[in-house]
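Peer 1: Take this sequence and fold it.
(2 chains)
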Amino acid sequence: MNAQQPVTIIMIEDDEGHARLIEKNIRRAGVNNEIIPFTSGSAAMDFLFGPDKTGNVSKGKALLVLLDLNLPDMTGIDILGKIKQNEHLKRSPVVVLTTTDDATEIQRCYDLGCNVYITKPVDYESFANAIRQLGLFFTVIQVPPTN
Amino acid sequence: MLKRLPVFGQTTLLAIGFAIVLLVSITEFYISDRFNDATASVSHTIEVQKKISNLLLTIRRSESAQRGFILTDRPIYLQDYQDSVADIRPNFDELRMLVSDSARQEANLDEAEPLLQSKLNELGETIQLATGGQRDKASDIVKAGAGQRRMESLRGIFERMLAVEANLLDERSHDANRLQLTLLVLGLLALGLLMTIGALSVFLFRRTLMQRERARAALEEGYANLEGIVAERTSDLREANDEMQRFAYIVSHDLRSPLVNIMGFTAELEALRDDAFQKIAALQVQANSPPSDADEQIAKDFDEAIGFIKTSIGKMDRLIHAILRISREGRRELNAELVDMDTLLGTISDSLAHQAEERDATVEVAKLPPVMSDKLALEQIFSNLIDNALKYLRKGEPGRIEVRSRQTNTHVIFEVQDNGRGIAPEDYQRVFDLFRRAGVQDRPGEGIGLAHVRALVRRLGGTMSLSSEIGKGSVFSVTLPRRWTSEKERNAA
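Peer 2: Below is the predicted model:
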């Protein structure tokens, strides 16, 4: 990622196995950026928005969010909505990577400002392939720092 | 039976009522005729009585006029005498005519006639004497009292006659009264009877009406209940079905997640295995110890374990995929449109042409009627059936698959016939079950095709049947309504 500032990938994924596989496959695509994994929505929210919930903590950082919609404590849709409504975080790209392929769900995510929506392929080969391509995509994407 | 009885009763009552009216009319007619007769007799008797009294009076008048003339010699008495005597004979004759119906009265008159005659003679004689100047002689005759006696006798006879008539009058009036009473009683009786019958009919009619009303109300309530029950059950079933669909979707969906991990880390293990064995080989070269049989066995065991894991995962993945597909299909909204079946089957057989050629098979499609149905579902149904037919042909026998149709007023029956290996009768049901297959398992498949086809046919309001013979071939029949309406359209209607 050729930003002035190294981009941090925030990975919100409750399945640790998936998280690990995603990380491995992204690395295989040659992405060396820092990946911070979260297995619950609230932990990720705390990190992104800080204790005062304003998002000031993320000010000036270059972030890319990799988001699963099915989380145990809250829905990814809520997190997406909050990120896109926050003045500091709204320009950070959000990649929804989830098992749901429901058309209305996909529409809703894009309506809320999601940048990329990827359905996790059912079989592992396609899954690994998709993540590697996503990793390649990450190497070319421009991420603006938050303000 | 119970409900018929009032109807029968009413008819009978009506007949009885009419019979009574008829009977009463006839009787009254007869009785009133007799009453008229009786009344006529009564007036006749009164007439006779009047005549008798009149006659007696006239005789007495002539007698007193005779006496007056003899005593006074005044011509006014003579005139009076002459007027009265002139009336006697006609009166007597009239009376005789009136009593001609009674022998007894006639006998009385016969008895009275000579007396009357001699009385008249006596009167005539004395008057002649008196007018001839012999008034004393006439007076003597009167004084002798013979005329007086005759008069007494005559009066006796006439009084007897009057008594007879009075008796008759009594009798006849009594008769007339009795008849009148009978008429009255009969009339009242008939009125009473008719009123009773009327009341009874009204009661029966009302009872029937009420029974009918109750029956109708009960029927209506039954219908309403039935509709309610059907609607309730339908909605229950729909809910249960929806829940099943959601359940299947969620289960298959959630099962996929861990499966991705199993697959992913199995792949990672394989990669690790290669790394590990390369490392071992390098170490062996370093330690200058050649690979032993035991080392090779370890590698084999490792590969075998990984192989089993991978095939099992593959199978599980396909099953989950199948459940997901079926549940997704079940959730898809079907839409009715006019489908040209010739074009549809043409497209399917074209897309399977390559496969058919590979298996030395021909697909022949007869002229088919269009149907109002969901196009995508029909495509899936027939491509599945033809695909199956191609899949299970007999080895060494050129395949021949035919698609044809029959029609009824409301439905079209499509038949897909093959000359393949056939299905045993005990497996007819089984082939339609999810994840079940029949016959030699030499073809890839999860056993979902026919289950899926049958589910679709049912959703399109149709039925499926199968007839087959092992070693000869199978015929799958799909019966579809000519005009199917989607649930949405039905709800809107």
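
Peer 1: Quick check: B:Ser252 touching B:Arg328?
Peer 2: No. Assessed by C-beta atoms under 8 Å, B:Ser252 is found out of contact with B:Arg328, at 9.1 Å. C-betas here are computed from N, CA, C, even on glycine.

Peer 1: These two: who's more crowded?
Peer 2: B:Ser252 (20 against 15; other C-beta atoms under 10 Å in any protein chain shown).

Peer 1: Mean confidence (pLDDT) on the helix or strand harbouring that one, please.
Peer 2: Using DSSP states H and E, B:Ser252 sits within helix B:146-287. The pLDDT scores in helix B:146-287 average 86.

Peer 1: Enumerate the positions of the next helix or strand after that helix that are buried.
Peer 2: On the C-terminal side of helix B:146-287, the closest following helix or strand by DSSP H and E is helix B:293-331. Using 16 or more other C-beta atoms under 10 Å in any protein chain shown as the test for burial, helix B:293-331 gives B:309-310, B:313, B:317-324, B:326-327, B:329-330.

Peer 1: Closest one of those to A:Tyr117?
Peer 2: Nearest to A:Tyr117 among the buried residues of helix B:293-331: B:Leu324, at 19.1 Å, using C-beta to C-beta.

Peer 1: give the contact list for the closest residue to that closest one other than its chain neighbours.
Peer 2: Using C-beta to C-beta, 6 or more residues apart in numbering or on different chains and skipping residues adjacent in sequence, the residue nearest B:Leu324 is B:Ser252, 4.0 Å away. By C-beta atoms under 8 Å, 6 or more residues apart in numbering or on different chains, the contact set of B:Ser252 is B:320-321, B:323-324, B:327.

Peer 1: and which of those is nearest B:Ile59?
Peer 2: Scanning the contacts of B:Ser252 for proximity to B:Ile59, where the rule is C-beta to C-beta, the winner is B:Ser327, at 137.7 Å.

Peer 1: quick one: the closest one from chain A, how far?
Peer 2: 12 Å (C-beta to the nearest C-beta, to the nearest Å).

Peer 1: Check B:Ile306 too.
Peer 2: If you go by C-beta to the nearest C-beta, the gap between B:Ile306 and chain A works out to 13 Å.

Peer 1: what about the residue of the stretch 51-200 of chain B found nearest chain A, how many neighbours?
Peer 2: Per C-beta to the nearest C-beta, B:Leu200 is where the stretch 51-200 of chain B lies closest to chain A, at 74.3 Å. Applying other C-beta under 10 Å, we find 15 residues neighbouring B:Leu200.

Peer 1: May I ask you to confirm that it is in contact with B:Leu13?
Peer 2: Yes. Under the criterion of C-beta under 8 Å, B:Leu200 makes contact with B:Leu13 at 5.9 Å.

Peer 1: and the closest residue to chain A within the stretch 101-250 of chain B, what does it touch?
Peer 2: Proximity of the stretch 101-250 of chain B to chain A (C-beta to the nearest C-beta) peaks at B:Tyr249, 9.6 Å away. By C-beta under 8 Å, 6+ apart, the contact set of B:Tyr249 is B:324, B:327-328, B:331.

Peer 1: closest to chain A among the residues you listed?
Peer 2: B:Leu324 (8.0 Å).

Peer 1: Might you report the residue contacts of that closest one?
Peer 2: A:122, B:248-249, B:252-253, B:256 are the contacts of B:Leu324 under C-beta under 8 Å, 6+ apart.

Peer 1: Could you find which two of the residues you listed are furthest from each other?
Peer 2: Most distant of those, by C-beta to C-beta, are A:Val122 and B:Ala248, 15.2 Å apart.

Peer 1: Give me the more crowded residue out of the two.
Peer 2: The neighbour comparison of A:Val122 against B:Ala248 (other C-beta under 10 Å) goes to A:Val122, with 20 against 17.

Peer 1: Quick one, grab the pLDDT at the more buried one.
Peer 2: pLDDT, read off for A:Val122, is 65.

Peer 1: what's the answer for B:Ala493, then?
Peer 2: Confidence score, pLDDT, at B:Ala493: 61.

Peer 1: Could you do B:Lys3 as well?
Peer 2: 46.

Peer 1: residues in contact with B:Pro398?
Peer 2: With C-beta under 8 Å, 6+ apart, B:Pro398 has these contacts: B:360-362.

Peer 1: Swap in 6 Å and give it another go.
Peer 2: Contact partners of B:Pro398, counting by C-beta atoms under 6 Å, 6 or more residues apart in numbering or on different chains, are B:Asp360.

Peer 1: about what we covered before: okay, the contacts of B:Ser252 in a markdown table with pLDDT next?
Peer 2: Output for the contacts of B:Ser252, formatted as a markdown table (pLDDT from 0 to 100):
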| residue | pLDDT |
| --- | --- |
| B:Ile320 | 83 |
| B:His321 | 79 |
| B:Ile323 | 80 |
| B:Leu324 | 78 |
| B:Ser327 | 77 |
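
Peer 1: how much does the helix or strand harbouring B:His452 deviate in direction from helix B:293-331?
Peer 2: Using DSSP H and E, B:His452 sits within helix B:449-459. Using axes from the mean of the first three to the mean of the last three C-alpha atoms, to 10 degrees, the direction of helix B:449-459 lies 10 degrees away from that of helix B:293-331.

Peer 1: Now the closest residue to chain A within the stretch 351-493 of chain B. Nearest residue, chain neighbours left out?
Peer 2: Here the stretch 351-493 of chain B gets closest to chain A at one residue, B:Glu446, 14.1 Å apart by C-beta to the nearest C-beta. Once flanking residues are discounted, B:Glu446 sits nearest to B:Ala322: 4.9 Å by C-beta to C-beta, 6+ apart.

Peer 1: Quick check: the one you found touching B:Gly445?
Peer 2: No. In this structure, B:Ala322 is not within contact of B:Gly445 by C-beta atoms under 6 Å, at 9.9 Å.

Peer 1: thinking again about what came up before, so which bits of the helix holding B:His452 are buried?
Peer 2: Within helix B:449-459, judged by 16+ other C-beta under 10 Å, the buried ones are B:449-457, B:459.

Peer 1: swap in stretch B:434-454?
Peer 2: For stretch B:434-454, by 16+ other C-beta under 10 Å, it's B:434, B:437-438, B:446-454.

Peer 1: Out of the residues you listed, the closest to A:Arg132 would be?
Peer 2: Distances from A:Arg132 to the buried residues of stretch B:434-454, taken by C-beta to C-beta, are shortest for B:Glu446, at 29.0 Å.

Peer 1: and the very next helix or strand once past the helix holding B:His452, what's its mean pLDDT?
Peer 2: Scanning forward in sequence from helix B:449-459 by DSSP H and E, the next helix or strand is strand B:463-469. Averaged across strand B:463-469, the pLDDT comes to 91.
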